[in-house]
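>>> Based on what follows, work out the 3D shape:
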Amino acid sequence: MSKERHIGNGLPGDRARSGFAVYEMARIIIPGFYFSALTLTLYWAYFWEYFGIPISGAPLWIVFVLITLVIGLTMYAKETPKRRKAFQENQPSRYLSNKARLMKDFPLLNDSDARMVYFYILNNYMPASFHEKVFYFGTIYHVMIQIRRTSFWFAILSSILILYQFSVGYELFLLQSLILFTAGIWLVYLLNVQYNKADRKMQENYRDQIFWLQMHDDTVELILRRWSSQPAI
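A predicted model of the protein is given here:
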C-alpha cells in the first residue's frame with residue numbers, strides 16, 4: 001500500500017464532511033437571522049408609527065424566515081469576508097507557491113493550482129483536527145464579519161433617524177426606543193471591532209497549517225513533484 005493511501009485513509013476528509021453542511025448552513029442562517037432581527041426591532045422602535053404591517057402571527061414569521069434565508073444566501077454568495085486582509089494573508093497555498101519556486105527544475109505554481117494542491121494535502125494528509133478547525137474558524141470568521149458589517153449599517157441608519165427626528169422637533173423621551181436600539185447596535189459593532197477574535201483565529205489557523213507543512217517538507221515536496229508530473233486536464 002502506498003504511503004499516500006495509508007496516510008489518507010480515515011483522516012479528515014470523510015469524517016469532516018459530515019459537519020460541512022452544518023457549518024455552511026450556519027454561514028447562511030446566522031447572518032440572515034441577525035439582519036431580520038435588527039430589521040424587526042428597528043420597525044418596532046421607529047417605523048411602526050408610520051407604517052403598519054398588514055400581517056401578523058404565523059404569516060409574519062413565515063415572512064421573517066423567508067427574509068432570513070434570502071438575506072443569508074445573498075451575504076453567503078457575495079463572500080466579501082474573503083477579500084479582507086486577515087483572510088488573504090499567510091495562506092498555506094501561498095507557502096506552497098513559494099516552496100515550488102525554490103524547488104529545482106519545478107514549474108511555477110499559480111494561485112489556482114496552489115489552492116488545489118493545498119486542499120489535497122488538507123483532505124488527505126493533515127490530521128482531522130486541522131480540517132475541523134478550517135470549517136469551524138472559517139464559519140466563525142464569516143459570521144462575525146457579516147455581523148460587524150450589518151451592525152455598522154444599522155447603527156448608521158438609526159443614528160440618521162435620530163438626527164432627523166431631532167431636526168423636526170421631536171423630544172428625547174419620544175425617541176427612547178430608537179436611542180436604546182442605536183446605542184445597543186453601536187455597542188455590538190464596537191465590541192466586535194475591539195475584541196476581534198475572528199481575524200486572530202484565522203491567522204493562527206493558517207500559521208498552524210504552515211507549521212505542519214514545514215514539519216512534513218519531504219511529503220510536501222513529493223506531492224508537488226507528483227502533481228507536476230500529472231498530464232494537464
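
>>> give me the low-pLDDT residue ranges for this structure?
Counting by pLDDT under 70, the chain shows low-confidence ranges at 1-19, 55, 79-88, 172-173, 230-233.

>>> The chain: helices as residue ranges?
Assigned by DSSP state H, the helices in the chain fall at 3-8, 12-45, 58-78, 85-88, 92-102, 111-124, 128-167, 176-194, 197-215, 217-229.

>>> Need the ones you listed in a markdown table (columns: distance to residue 52).
Yep, even glycine has a C-beta here, placed from its N, CA and C like the rest. What follows is these, written out as a markdown table (distance: least, C-beta to C-beta, whole Å):
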| stretch | distance to residue 52 |
| --- | --- |
| helix 3-8 | 60 |
| helix 12-45 | 10 |
| helix 58-78 | 12 |
| helix 85-88 | 43 |
| helix 92-102 | 53 |
| helix 111-124 | 51 |
| helix 128-167 | 18 |
| helix 176-194 | 17 |
| helix 197-215 | 39 |
| helix 217-229 | 62 |
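
>>> can you put these in TSV and add mean neighbour count?
TSV is the format used below for the helices of the chain (neighbours: other C-beta atoms under 10 Å):
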stretch	mean neighbour count
helix 3-8	12
helix 12-45	17
helix 58-78	15
helix 85-88	14
helix 92-102	18
helix 111-124	17
helix 128-167	18
helix 176-194	16
helix 197-215	16
helix 217-229	14
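
>>> Can you give me the distance of the residue positioned nearest the centre of the chain to residue 128?
The centroid of the chain falls nearest to residue 142 when counting by C-alpha atoms, centre = their mean (1.5 Å). Noted for residue 142: a distance of 21 Å to residue 128, by C-beta to C-beta, to the nearest Å.

>>> Ok, residue 90 next?
Residue 90 is 22 Å from residue 128, by C-beta to C-beta.

>>> Same question for residue 27.
Taken as C-beta to C-beta, the span from residue 27 to residue 128 is 21 Å.

>>> which ones are touching residue 147?
30-31, 34, 188, 192 (C-beta atoms under 8 Å, 6 or more residues apart in numbering).

>>> Let me have these in TSV, extended by distance to residue 22.
Shown next, in TSV, are those (distance: C-beta to C-beta, whole Å):
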residue	distance to residue 22
30	12
31	15
34	18
188	25
192	23
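
>>> which one of those is nearest residue 57?
If you rank the contacts of residue 147 by distance to residue 57 using C-beta to C-beta, residue 34 comes first, at 22.9 Å.

>>> unless I'm mixing things up, that closest one is touching residue 150, no?
Yes - with contacts counted by C-beta atoms under 8 Å, residue 34 reaches residue 150, the gap being 5.8 Å.

>>> can you tell me which residues contact residue 133?
Listed by C-beta under 8 Å, 6+ apart, the contact set of residue 133 reads 205, 208.
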